[in-house]
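> Give me a 3D structure for the following:
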Amino acid sequence: MSNADTDPIAAARDRSPLLQSYAEQYGESTPFAGLAVGVSAPLTPHTGLFIDVLASGGAEVFATGEAGSTNGNVVAWLREQPGVTPLADAGMSHEDLVDARRELLEQEPDLLADDGAHLLGMVHEEFPDVAAGVRGACEQTTGGITRLRTMDEQDALAFPVYDVNGTPMKQHFDNVHGTAESSLSAITSLTDAMLAGSVAVVAGYGHCGRGIARKLRALGARTVVTEVDPRKALSALADGHDVAPMGEAVQDATFVIAATGRYHVLRREHLDALPDGVVLASIGSAIEIDTGALADEATQIEERSPGVERYRLPGGRAVTLLTRGQVVNLSAPDSDGNPGEVMDTTFAMMARGLAALADGVDLPPGLHPVPDRLDREVAREKLAAMGVDIDEVSDEQRAYHQQWEAHAGAGAGANDGSDDDPSE
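All right, here's what the predicted structure looks like:
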């Protein structure tokens, strides 16, 4: 029996110094003592380690996963951990997943940690009495925050929710680097295709799209970005990518990679433009590619290998869909999502946010940014774990920037070259 079978989170633990330290710290301070925490996220080794941190802090954890990305070894390991009840199994259907979410919410959790806002949407729609007792929640994905922002604008949120996805630590590391690396690894592993010389269409130029477009271009692909935001489209052009509407962009595509987290960015109206041999993949969410329209148009559907389906369209064109349109870096065989080094910081942000909510932070219902102080602390902890030192703002610098009256106009014409807060 391999070590992955006996301790499936061992490798994740080795690459997650922050979560290791949090498990020890929370084991002593027990910030979640007496609280039930509901977790809805892909049950990968990294998520298993995060759940272990919460349980070490005194929480009773109820966890469910995502269809297509639940690691059976992780579920079996979680069942052996005190204070943890996994409500998922490998290979569970979407219907089973929905039932599992309902079962989780029936436990009346005090705190929620979500991935995609599926649990948060359900608790408001189907369990308003449970929602009334929730202290707060954290959400870590772009698609989830998009949904929660709409709910917040409609005053529909019954409790405070921290936008972990909006933190610099999540955006600049997990989204840009982690998602890009793990997604390209999954795509090339599934297809055995070379990226150099290909035409790669990337839908969306948020942090995930920017990261994967950058790495595709560095590997020799010709990159074309599709966008609905004119500012992001300009940013993509400035970074050296072509920009075009989806219907034009896909005509010569080797790969089409959806990275928006939004509904049906590749849909029925685009299917006629897809060339023979194109590969479709989603790295944002399971709703980005209109797989129903693709199936309706197909004259033949063939499973070529696990995670790889070939759709034969009218006229003989062949379109390859990876992992049935599910998030490819989580749903591909033997894929556990983003590297442990970045999941360490993302789940550290989730843990810090939940601990603050458990401590009774005074926030009204609604969507809230994670305090910048917590984000900077996690960054400093990560640097320390890596053995990296950085400079500090000197007393002279701090004094200069605090004497704004004496220096009014002194910086006229200067470039704004730093995001650092000089008062720190």
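
> report the longest helix in this structure, please.
For the chain, the longest helix by residue count, based on DSSP state H, is helix 340-358.

> elements contacting that one?
Counting contacts by 3 or more CB pairs under 8 Å, 6 or more residues apart in numbering; DSSP states H and E, helix 340-358 packs against helix 10-14, helix 17-29, helix 45-56, strand 111-114, strand 136-139, strand 160-163, helix 168-169, helix 372-385. In short, each C-beta sits where N, CA and C put it, glycine included.

> can you do 7 Å?
helix 17-29, helix 45-56, strand 111-114, strand 136-139, helix 372-385 (3 or more CB pairs under 7 Å, 6 or more residues apart in numbering; DSSP states H and E).

> what comes into contact with that helix?
11-12, 15-19, 22, 31-32, 35, 37, 46, 50, 53, 111, 113, 135-136, 138, 140, 160, 162, 164, 167, 169-170, 173-174, 177-178, 370, 374-375, 378, 382 (CB atoms under 7 Å, 6 or more residues apart in numbering).

> Please identify which of the helices and strands packed on helix 340-358 is closest to residue 328.
helix 45-56 (16.7 Å; CB to CB).

> Alpha carbons only: can I get the closest one in CSV?
The C-alpha coordinates for helix 45-56 follow below in CSV (Å, rounded to 0.1, in the frame of the first residue of the first chain):
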residue,chain,number,x,y,z
PRO,A,45,-5.4,16.5,-0.2
HIS,A,46,-5.0,20.3,0.3
THR,A,47,-8.7,20.6,1.4
GLY,A,48,-8.2,17.6,3.7
LEU,A,49,-5.3,19.4,5.4
PHE,A,50,-7.4,22.6,5.7
ILE,A,51,-10.2,20.6,7.3
ASP,A,52,-7.7,19.0,9.7
VAL,A,53,-6.6,22.6,10.8
LEU,A,54,-10.2,23.5,11.6
ALA,A,55,-10.7,20.3,13.6
SER,A,56,-7.4,20.9,15.4
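
> what's the angle from that helix to helix 340-358?
30 degrees (axes from the mean of the first three to the mean of the last three CA atoms, to 10 degrees).

> so after helix 45-56, what's the next helix or strand?
Sequence-wise, the next helix or strand downstream of helix 45-56 (DSSP states H and E) is strand 60-64.

> and that next one, which strands flank it?
strand 36-40 (parallel), strand 84-86 (parallel) (DSSP bridges).

> Need the residues that contact that strand.
By CB under 7 Å, 6+ apart, strand 60-64 touches 36-40, 43, 51, 54-55, 78, 83-88, 97, 100-101, 104, 107, 109.

> Same question for whichever helix or strand comes after that strand: list its buried residues.
Using DSSP H and E, the helix or strand that follows strand 60-64 towards the C-terminus is helix 72-79. Neighbour-count burial for helix 72-79 flags 73, 74, 75, 77, 78 (criterion: 16 or more other CB atoms under 10 Å).

> What is the burial count for the residue lying closest to the second one once chain neighbours are set aside?
The reference is to residue 74. Nearest residue to residue 74 in three dimensions, chain neighbours excluded: residue 48, at 4.4 Å (CB to CB, 6 or more residues apart in numbering). Burial of residue 48 is recorded as 25 neighbouring residues (other CB atoms under 10 Å).

> so how far is residue 284 from residue 48?
Distance, residue 48 to residue 284, by CB to CB, to the nearest Å: 23 Å.

> Then residue 222?
For residue 222, the distance to residue 284 equals 21 Å [CB to CB].

> now do residue 62
For residue 62, the distance to residue 284 - CB to CB - is 27 Å.

> And those two? Which one has more around it.
Using other CB under 10 Å as the criterion, residue 62 and residue 284 rank with residue 284 on top: 26 against 23.

> these two touch, right, the more buried one and residue 263?
No: Residue 284 is beyond contact range of residue 263, at 10.4 Å (criterion: CB atoms under 7 Å).

> Strands of the stretch 151-300 of the chain, residue ranges please.
160-163, 199-203, 222-226, 242-243, 255-258, 279-282, 300-305 (DSSP state E, counting those that start in this stretch).

> For those strands, give me CSV that also has distance to residue 363.
Listed next are the strands of the stretch 151-300 of the chain as CSV, based on distance: least, CB to CB, whole Å:
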stretch, distance to residue 363
strand 160-163, 4
strand 199-203, 34
strand 222-226, 36
strand 242-243, 39
strand 255-258, 33
strand 279-282, 33
strand 300-305, 48
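
> Turn these into a markdown table, columns for mean pLDDT.
Formatted as a markdown table, the strands of the stretch 151-300 of the chain follow (pLDDT from 0 to 100):
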| stretch | mean pLDDT |
| --- | --- |
| strand 160-163 | 98 |
| strand 199-203 | 99 |
| strand 222-226 | 99 |
| strand 242-243 | 98 |
| strand 255-258 | 98 |
| strand 279-282 | 98 |
| strand 300-305 | 96 |
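
> hey, which of the ones you listed is tucked in deepest?
Comparing the strands of the stretch 151-300 of the chain by mean neighbour count (mean count of other CB atoms under 10 Å), strand 255-258 comes out on top with a mean of 28.

> Just checking: what are the partner strands of that one?
Checking strand 255-258 against DSSP bridges gives partners strand 199-203 (parallel), strand 279-282 (parallel).

> could the ones you listed go into TSV alongside distance to residue 152?
TSV is the format used below for these (distance: least, CB to CB, whole Å):
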stretch	distance to residue 152
strand 199-203	25
strand 279-282	25
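
> of all these, which lies closest to residue 248?
strand 199-203 (9.8 Å).

> Tell me which residues are up against the closest one.
For strand 199-203, contacts defined as CB under 7 Å, 6+ apart pick out 209, 212-213, 216, 221-226, 246, 249-250, 252-260, 265-266.

> From what I see, residue 213 and residue 221 are in contact.
No: taking contacts as CB under 7 Å, residue 213 lies outside contact range of residue 221: 8.9 Å.

> So which of the two has more stuff around it?
Shown here are residue 213 and residue 221; by other CB under 10 Å, residue 213 has more neighbours (26 against 22).

> What confidence value was assigned to the more buried one?
Looking at residue 213, its pLDDT stands at 98.

> Same question for residue 261.
88.

> State the distance from it to residue 49.
In terms of CB to CB, residue 261 sits 24 Å off from residue 49.

> Check residue 140 too.
Going from residue 140 to residue 49 by CB to CB gives 15 Å.

> same check, this time on residue 134
For residue 134, the distance to residue 49 - CB to CB - is 24 Å.

> Same check on residue 330?
Residue 330 is 16 Å from residue 49, by CB to CB.
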